[in-house]
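Student: just a sequence and a predicted model for now, questions to come.
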Amino acid sequence: MVTQALFDVDEPPLPAALQEAVRHGEVFTRRWVVELILDLVGYTADRDLAGLRLVEPACGQGAFLGPIVERLSKSCRAHGRSLSDAAGAIRAMDLLDENVKQSLILVRDRLTSDGWDHGEVDAVAQGWVCQGDYLLAANHAGEADFVVGNPPYIRLEDVPDERMLAYRSACPTMGGRADVYVGFYEVGLRSLKPGGKLGFICADRWMRNQYGRRLRQMVTQRYSMDLVLAMHDVDAFHDQVSAYPAITIIRNGTQGPAIAADTTREFGQLEARSLLRWTADPAQDGVTSKGFKASRLPHWFPGEDSWPAASPARLAVLEELSDRFRLLEDETTGTRVGIGIATGADKVFITDQPDLVEQDRLLPLAMVRDTTSGRLDWGGMYLVNPWNAAGGLVDLAAYPRLRAYFAQHEAALRKRHVAVKQPDRWFKTIDKVDPRLNTRPKLLLPDMKQVIHPVLDEGGLYPHHNLYFIVSDVWDLRVLGGLLLSKVAEAFVAAYAVKMRGGTLRFQAQYLRKIRVPDPAEINEETSTALAAAFERRDVQAATQAALRAYGLAELPD
């Protein structure tokens, strides 16, 4: 475990592998982007900055430090402060000694060129910039008014094992195959004073990927996500990188209104100033220009699940719908979302031969290809079903043809992981058969489609594992099918789902469960009829118009 000794610039050199990883992860930020972040967190020269404390966790060669020092110097002049008054105003760190040396030179140059005494300059510069590992050095909770910067982009597996274990111990949010920047968020947030703000430009993958779950939980439980500005196509760095960057402003306080913004390639210094002017005027709910779009949200999205990705205006609508309506899966209506059966050996358990085994051991199976037309056209496939109505495995002695069939394929079935774990149940499918599901009416949705594609099964088929199903005790499934066929329902899935090559979406259960729906009892008869009719005709436009009425929306923004 590395301690405060890391602040000593004369410490032994870092392992070569870590030095190389850090160099690989260094991406230097353009000045106008730095200025934008400083403005967004409120680090402005009109404030008495000498009495505040700013931390920069990975200062590199001074991309942030230069503007920070200039603003602090100007603030000291404006507020009648000596430079010595600001001795504790900045804490900048870097892992690499060469970067620390470059940053010290930059700080001295900026201050001396601004007319400060050389003695004062040397004293504060040495106190402001130090060498050390921000994730492992002593960072005191509640010490910082601001934490700003561009954390390094380093995969944990590129860090030497001993230090990687130390990082994981120091930063519990760094789960799975996280990037090191996740730890910078955690440590930076912990160090904020009440009301303090963190402003990073960093990859936004943590907002959606599994490895960001703990960090999302930390943010939503204890902090306020005040702004997210996606900059995926912006030339924000001196080197070309594919990092999916975003500026995030997070405050140590109760979640309040949030701003969601997205940019185009046209976003630059002038557009950044325009965005700042808009953020300062809370009377404007939304703005669209050639370089950016932005919307105000009443709050950020709660919870540790993946946060949605969509245009700012659409995010605002989805959040508003999330506040007003219940989730699709709901005990009140008895609505449930599930996935069809996985067998672990489809070549054995799925057949098109209606006399292969005993008739009551063949369960008619719905396949993805049966849903292509929008109506369920059964292709004649069956599940060879080893389960009885009580949820247990059948006695093979009572089914000689089934026993002989499984014996024929016993070697292949026993190789499956599920059979290795339970050798006495070697002929089971991975999932149990729910004996009630095949007789229930249900909506079936293929896993992978470019558009949402609900299809009604009146009852009689059991879904294969590439199909997701929805059953309900209350909903008229044609009315619900109309809602799900609409672009409103698709917008929920598109905001959360993994997008495949060519724009294909994954309509998996975890994304379908994100859909919000009105109370079926509160949808008027005219709208219900329109939704059902649109579903029957497979008319997406009509379904969307009826859904907008059901949700009380005038439109669904792009």
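Tutor: Nice, thanks for sending it over.
Student: quick check, residue 544 in a strand?
Tutor: No - using DSSP: H, G, I helix; E, B strand; the rest coil, the assignment for residue 544 is helix, not a strand.
Student: list the contacts for it?
Tutor: 486, 487, 488, 556 (Cβ atoms under 8 Å, 6 or more residues apart in numbering). Where you see a C-beta, it was placed from the backbone N, CA and C, and this is true even at glycine.
Student: which of these has the most neighbours?
Tutor: Each of those was scored for neighbours by other Cβ atoms under 10 Å, and residue 486 scores highest at 26 neighbours.
Student: hang on, isn't it packed against residue 540?
Tutor: Yes - judged on Cβ atoms under 8 Å, residue 486 makes contact with residue 540 at a distance of 7.0 Å.
Student: what touches both of the two?
Tutor: With contacts taken as Cβ under 8 Å, 6+ apart, the residues that reach both residue 486 and residue 540 are residue 534.
Student: show me what contacts residue 410?
Tutor: Residue 410 makes contacts with 426, 427, as judged by Cβ under 8 Å, 6+ apart.
Student: meant to ask about residue 195, not that
Tutor: Counting by Cβ under 8 Å, 6+ apart, residue 195 touches 145, 251, 252, 253.
Student: out of the residues you listed, the closest to residue 169 would be?
Tutor: Distance ranking of the contacts of residue 195 against residue 169, using Cβ to Cβ, places residue 252 first at 23.5 Å.
Student: buried subset of the contacts of residue 195?
Tutor: By neighbour count, with 16 or more other Cβ atoms under 10 Å, the contacts of residue 195 hold 145, 251, 252 as buried.
Student: give me phi/psi at the residue nearest to the first one when sequence neighbours are not counted?
Tutor: Distance criterion Cβ to Cβ, 6 or more residues apart in numbering; nearest residue to residue 145, sequence neighbours excluded, is residue 52 at 4.3 Å. The phi and psi torsions at residue 52 (degrees, to the nearest 10) take the values phi -110, psi 170.
Student: residue 52: neighbour count?
Tutor: Counted by other Cβ under 10 Å, the residues lying close to residue 52 total 20.
Student: that one and residue 146, how far apart?
Tutor: 7 Å (Cβ to Cβ, to the nearest Å).
Student: which residues do the two both contact?
Tutor: Joint contacts of residue 52 and residue 146 (Cβ under 8 Å, 6+ apart) are residue 43.
Student: please enumerate the strands of the stretch 51-200 of the chain.
Tutor: In the stretch 51-200 of the chain, the strands defined using DSSP state E, counting those that start in this stretch lie at 54-56, 90-94, 129-131, 144-149, 192-203.
Student: so for residue 401, which of those sits nearest?
Tutor: Of those, nearest to residue 401 by Cβ to Cβ is strand 192-203, at 57.2 Å.
Student: just the angle between that closest one and strand 144-149, please?
Tutor: 10 degrees (axes from the mean of the first three to the mean of the last three Cα atoms, to 10 degrees).
Student: give the buried residues for strand 192-203.
Tutor: 192, 196, 197, 198, 199, 200, 201, 202, 203.
Student: could I get those residues in a markdown table, plus columns for pLDDT?
Tutor: Listed next are these as a markdown table, based on pLDDT from 0 to 100:
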| residue | pLDDT |
| --- | --- |
| 192 | 97 |
| 196 | 98 |
| 197 | 98 |
| 198 | 98 |
| 199 | 98 |
| 200 | 97 |
| 201 | 95 |
| 202 | 92 |
| 203 | 89 |
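Student: nearest to residue 125 among these?
Tutor: residue 199 (23.1 Å).
Student: the closest one reaches residue 38, doesn't it?
Tutor: Yes - contact criterion Cβ under 8 Å: residue 199 and residue 38 qualify, at 7.4 Å.
Student: joint contacts of the two?
Tutor: Counting by Cβ under 8 Å, 6+ apart, the shared contacts of residue 199 and residue 38 are residue 148.
Student: which strand or helix spans residue 535?
Tutor: Using DSSP states H and E, residue 535 sits within helix 525-537.
Student: and the spatially closest residue to residue 246 that is not a sequence neighbour, what pLDDT?
Tutor: Excluding the flanking residues, the one nearest residue 246 by Cβ to Cβ, 6+ apart is residue 204, at 3.9 Å. Residue 204 carries a pLDDT value of 91.
Student: pretty sure residue 204 contacts residue 225?
Tutor: No - using Cβ under 8 Å, residue 204 is not in contact with residue 225; the gap is 11.8 Å.
Student: any common contacting residues for these two?
Tutor: In contact with both residue 204 and residue 225: residue 248, using Cβ under 8 Å, 6+ apart.
Student: for this protein, what helix or strand is lowest in average pLDDT?
Tutor: Here the helix or strand of the chain ranked lowest by mean pLDDT, DSSP states H and E is helix 16-25, holding a mean of 47.
Student: averaged pLDDT, the helix holding residue 535. What do you get?
Tutor: Average pLDDT, helix 525-537: 98.
Student: tell me which strands and helices it is in contact with?
Tutor: Here helix 525-537 touches helix 477-485, helix 540-551, going by 3 or more Cβ pairs under 8 Å, 6 or more residues apart in numbering; DSSP states H and E.
Student: that older thread, may I have the residues that are in contact with the residue nearest to residue 145?
Tutor: Residue 52 sits next to 43, 89, 145, 146 when contact means Cβ under 8 Å, 6+ apart.
Student: from residue 456, how far out is the first one?
Tutor: Residue 43 is 57 Å from residue 456, where distance means Cβ to Cβ.
Student: in stretch 314-327, which residues are buried?
Tutor: Going by neighbour count (16+ other Cβ under 10 Å), the buried part of stretch 314-327 is 314, 315, 316, 317, 318, 319, 320, 321, 322, 325.
Student: please convert those to a markdown table, extending it with pLDDT, distance to residue 374 and secondary structure.
Tutor: Formatted as a markdown table, the buried residues of stretch 314-327 follow (pLDDT from 0 to 100; distance: Cβ to Cβ, whole Å; DSSP: H, G, I helix; E, B strand; the rest coil):
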| residue | pLDDT | distance to residue 374 | secondary structure |
| --- | --- | --- | --- |
| 314 | 94 | 26 | helix |
| 315 | 94 | 30 | helix |
| 316 | 94 | 32 | helix |
| 317 | 95 | 27 | helix |
| 318 | 94 | 26 | helix |
| 319 | 94 | 31 | helix |
| 320 | 94 | 30 | helix |
| 321 | 96 | 26 | helix |
| 322 | 94 | 29 | helix |
| 325 | 97 | 26 | coil |
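Student: local confidence estimate at residue 237?
Tutor: Predicted confidence (pLDDT) for residue 237: 74.
Student: I'd say it and residue 31 touch.
Tutor: No - taking contacts as Cβ under 8 Å, residue 237 lies outside contact range of residue 31: 11.3 Å.
Student: neighbour count for those two, which is higher?
Tutor: Between residue 237 and residue 31, counting by other Cβ under 10 Å, residue 237 is the more crowded of the two (18 against 13).
Student: ok, the spatially most central residue of the chain to residue 400 distance?
Tutor: The chain has residue 208 as the residue nearest its centroid, 1.5 Å off, counting by Cα atoms, centre = their mean. Distance of residue 208 to residue 400, given as Cβ to Cβ: 52 Å.
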